[in-house]
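*Asks:* Fold the following.
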Amino acid sequence: MGQVSKSYITEEEWQTRCDLATAYNLASLFQWTDLIYTHISARIPGQENRFLINPFGLHFHEVTPENLVKINLEGEILSKSDYGINPAGLVIHSAIHSARPDVGAIVHLHTINGMAVSALQDGLLPISQAACHFYGKIAYHDYEGIAVHKDEKQRLIKDLGSKNVMILRNHGFLTAGSNVAEAFTKMYTLEKAAQVQITSLSMGLPIVIPSEAICEKVVEDTGKRGIKNAEIEWQALKRLIPSKQESISLQAKLKPASLTHLTKKPSLMQSQKVDQNQRRTANDRPL
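*Replies:* As a prediction, the model looks like this:
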């Protein structure tokens with residue numbers, strides 16, 4: 001598989017690759033995948049109009065820092081890869097990255113919860129604390145079919161505006177942030193809010209919706225009091241896959257010029273399984 005050499009990338013790009021690969025592996029762990037579809041992207045710091053996205057054809061658990069594909073806003077592949085990119089991913093992600101320089105990362109998923117809520121006329125209801133975090137902060141984009149047509153870009157940009165959360169009707173969820181940590185933790189909370197809504201409505205009993213004043217208070221308190229901290233959440237999430245993550249963190253501290261040539265490495269979750277098997281073998285040895 002074509003992979004980039006660490007000696008030819010900056011420290012900033014390598015760290016972004018590590019964070020983005022972690023996001024893909026966490027999405028796989030949480031069962032947010034849709035076979036080889038959907039996508040998470042990250043802008044490369046210091047490289048204008050360049051961002052990273054998954055190789056089209058790999059499952060999320062197979063994504064590594066090395067095999068992420070670097071592309072420009074036109075979809076030209078700028079790194080060595082045996083894979084192409086998903087055309088729908090290019091339309092959605094390039095549209096937002098081009099119009100929103102403040103956005104460093106984007107998560108777009110087709111989870112069952114997300115698709116179910118996206119099909120509701122009222123979208124996400126503020127019936128849980130998780131949902132109230134997004135009160136007044138959600139953009140909506142009407143379904144236009146598979147997002148492979150360039151003319152949809154302008155409508156996506158217009159509908160998103162300055163918000164960082166979008167429900168693509170009849171399609172799924174999208175979150176954006178200044179970095180991978182922000183975009184991913186937003187999606188985690190949004191996904192939980194959707195699951196609570198679906199579970200509550202399935203009971204067939206009357207639901208309680210907090211007043212507008214209370215919902216606005218939740219948003220205000222969350223911002224002012226630092227109740228939600230994306231970076232702290234992200235560090236905790238990364239510890240869910242510690243074996244490979246420790247290696248990634250160490251490599252991220254090295255200067256690119258000092259890094260050796262690349263060899264094919266297992267995915268984060270594959271490494272974790274190897275470690276578990278090694279521990280199991282050790283425990284089975286006779287005393």
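*Asks:* all contacts plus neighbour counts: C-alpha atoms, from now on.
*Replies:* Will do.
*Asks:* From I241, how far out is I92?
*Replies:* The gap separating I92 from I241 is 29 Å, by CA to CA, to the nearest Å.
*Asks:* nope, Y140 is what I was after
*Replies:* 33 Å.
*Asks:* picking up where we left off before, between I92 and I241, which is the more surrounded one?
*Replies:* Using other CA atoms under 10 Å, the more surrounded residue of I92 and I241 is I92, with 22 against 18.
*Asks:* and that one, what does it touch?
*Replies:* Applying CA atoms under 8 Å, 6 or more residues apart in numbering, we find I92 in contact with 147, 153, 156.
*Asks:* any idea where the strands of the stretch 151-287 of the chain begin and end?
*Replies:* Under the criterion DSSP state E, counting those that start in this stretch, strands of the stretch 151-287 of the chain are mapped to 165-168, 172-177.
*Asks:* Give the buried residues for the shortest one.
*Replies:* Going back to what we said before, that points to strand 165-168. 165-168 (16 or more other CA atoms under 10 Å).
*Asks:* Then stretch 76-83?
*Replies:* 77, 79-81, 83.
*Asks:* In TSV, list those residues along with pLDDT and distance to I214.
*Replies:* Shown next, in TSV, are these (pLDDT from 0 to 100; distance: CA to CA, whole Å):
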residue	pLDDT	distance to I214
I77	92	47
S79	85	49
K80	82	51
S81	85	50
Y83	88	49
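*Asks:* and of these, the nearest to N54?
*Replies:* N54 lies nearest to Y83 out of those, by CA to CA, at 9.1 Å.
*Asks:* which ones are touching that closest one?
*Replies:* Y83 touches 55-57, counting by CA under 8 Å, 6+ apart.
*Asks:* any chance of these in CSV, plus secondary structure, pLDDT and distance to T189?
*Replies:* Below are those laid out as CSV (DSSP: H, G, I helix; E, B strand; the rest coil; pLDDT from 0 to 100; distance: CA to CA, whole Å):
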residue, secondary structure, pLDDT, distance to T189
P55, coil, 95, 26
F56, strand, 95, 27
G57, coil, 94, 28
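*Asks:* May I ask which of those residues has the most neighbours?
*Replies:* P55 leads the contacts of Y83 on contacts (other CA under 10 Å) with 23 neighbours.
*Asks:* Isn't that one up against V69?
*Replies:* Yes - between P55 and V69 there is a contact under CA atoms under 8 Å: 5.9 Å.
*Asks:* picking that back up, export the strands of the stretch 151-287 of the chain as a markdown table, with columns for mean pLDDT and distance to G46.
*Replies:* Converted to a markdown table, the strands of the stretch 151-287 of the chain look like this (pLDDT from 0 to 100; distance: least, CA to CA, whole Å):
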| stretch | mean pLDDT | distance to G46 |
| --- | --- | --- |
| strand 165-168 | 98 | 25 |
| strand 172-177 | 98 | 17 |
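*Asks:* Below-threshold pLDDT in the protein: ranges please.
*Replies:* 1-8, 225-226, 242-287 (pLDDT under 70).
*Asks:* can you list the residues that contact the longest helix seen in the chain?
*Replies:* Longest helix of the chain, by residue count under DSSP state H: helix 180-202. Helix 180-202 is contacted from outside by 16, 19-20, 23, 42, 104-107, 113-114, 116-117, 124-125, 127-131, 134, 165, 173-177, 207, 230-231, 233-234, using CA under 8 Å, 6+ apart.
*Asks:* and with 7 Å instead?
*Replies:* 19-20, 23, 42, 105-107, 113-114, 117, 124, 127-128, 130-131, 175-177, 230-231, 233-234 (CA atoms under 7 Å, 6 or more residues apart in numbering).
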